[in-house]
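A.B. asks: I would like the atomic coordinates for the input below:
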Amino acid sequence: MLFNLSTFNSVANQFIAELRHRDVQKDRLRFRRNLERIGEILAYEISKTLEYHIVPTETPLGVADMSLPKQRLVLATVLRAGLPLHQGMLQFFDHADNAFIAAYRRNHKDGSFEIQLDYVGAPDLNDAVLILADPMLATGASVNVALRELTRFGIPASVHVASVIASAAGVEAVHKAHPKAMIWTGAVDEELTAKSYIVPGLGDAGDLAFGEKF
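C.D. replies: The predicted structure follows:
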């Protein structure tokens, strides 16, 4: 239940390399655009798993039977870092409904942390395909909290988690809490620091995309 872009040779690896590179990532515009690009690529890959039906489509010269997605999609993201990744996916899933979660990591002096949830807004999720976009899947704590809170709006037909960089521990944590969820990521890194940051990772995606926290 894991799709890892980096296991395939494609242009996506160029975008991920630029996201990781400490000199290239100084260009916020390019950093955001590369997040969007990964979102677009993952959206295309996810689209291959959806259910389709035949819809007659009128052209100027006749009718073409087209195989189109028939399931309702909801794109969810964790503010603020997830916005560019979410926007990239929305470029492809332009008919999707949207959900937003305001959450952040509250660090404690002993090195532990908790996920502080401030806001969740979502449409009816019953029988929808739910795609949660969060660029960094580190411990999996924020994703698990977000998915738990989103179930207050209904039970999705399927759940997908999209990230740019994931840790092996984060993937395991999400699969343990949500065994039916499919995880889509640009790359999987093995190491987490004592403060639960991904190594080599790419740094703080929110700060790099939008500036330091305020």
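A.B. asks: in the chain, what secondary structure element scores lowest on mean pLDDT?
C.D. replies: The helix or strand of the chain with the poorest confidence is strand 113-121; it has a mean of 78 (mean pLDDT, DSSP states H and E).
A.B. asks: pull the distance from that strand to the chain's centre.
C.D. replies: Computed by CA atoms, centre = their mean, to the nearest Å, the chain-centroid distance of strand 113-121 equals 17 Å.
A.B. asks: ok, then the element right after it?
C.D. replies: Moving toward the C-terminus from strand 113-121, the next helix or strand (DSSP states H and E) is strand 129-133.
A.B. asks: can I get that following strand in CSV? Just the C-alpha atoms.
C.D. replies: What follows is strand 129-133, C-alpha atoms only, in CSV (Å, rounded to 0.1, in the frame of the first residue of the first chain):
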residue,chain,number,x,y,z
VAL,A,129,-12.3,9.3,-2.3
LEU,A,130,-10.3,11.2,0.3
ILE,A,131,-6.8,12.4,-0.6
LEU,A,132,-4.8,14.0,2.2
ALA,A,133,-1.8,16.1,1.0
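A.B. asks: quick one: strands adjacent to that strand?
C.D. replies: strand 73-79 (parallel), strand 158-167 (parallel) (DSSP bridges).
A.B. asks: need the longest helix for the protein.
C.D. replies: helix 28-47 (DSSP state H).
A.B. asks: deepest-packed of the strands paired with strand 129-133, please.
C.D. replies: strand 158-167 (a mean of 27; mean count of other CB atoms under 10 Å). In short, each C-beta sits where N, CA and C put it, glycine included.
A.B. asks: contacts for the helix or strand that comes right after it?
C.D. replies: Downstream of strand 158-167, the first helix or strand assigned by DSSP H and E is helix 168-177. Helix 168-177 is contacted from outside by 1-2, 137-141, 143-144, 147-148, 161, 181, 183, 185, 188-190, 192, 198, using CB atoms under 8 Å, 6 or more residues apart in numbering.
A.B. asks: can you check stretch 189-204 too?
C.D. replies: Contacts for stretch 189-204 (CB under 8 Å, 6+ apart): 19-20, 22, 25, 81, 107, 111, 113, 136, 138-139, 164-170, 208.
A.B. asks: list the contacts for the residue lying farthest from the centre of the chain?
C.D. replies: Centroid-distance maximum for the chain: Leu61 at 40.3 Å, with CA atoms, centre = their mean. Listed by CB under 8 Å, 6+ apart, the contact set of Leu61 is empty.
A.B. asks: where does pLDDT dip in the chain?
C.D. replies: Applying pLDDT under 70 to the chain flags residues 104-114, 213-214.
A.B. asks: how close does the residue positioned nearest the centre of it sit to Glu190?
C.D. replies: Centroid-nearest residue in the chain: Ala133, 2.2 Å away (criterion: CA atoms, centre = their mean). According to CB to CB, to the nearest Å, Ala133 and Glu190 sit 23 Å apart.
A.B. asks: ok, Tyr44 next?
C.D. replies: Tyr44 is 27 Å from Glu190, by CB to CB.
A.B. asks: cool, Leu125 as well?
C.D. replies: 33 Å.
A.B. asks: neighbour count for those two, which is higher?
C.D. replies: Counted by other CB atoms under 10 Å, Leu125 and Glu190 do not tie: Leu125 has more neighbours, with 22 against 10.
A.B. asks: that concludes my questions; thank you for your assistance.
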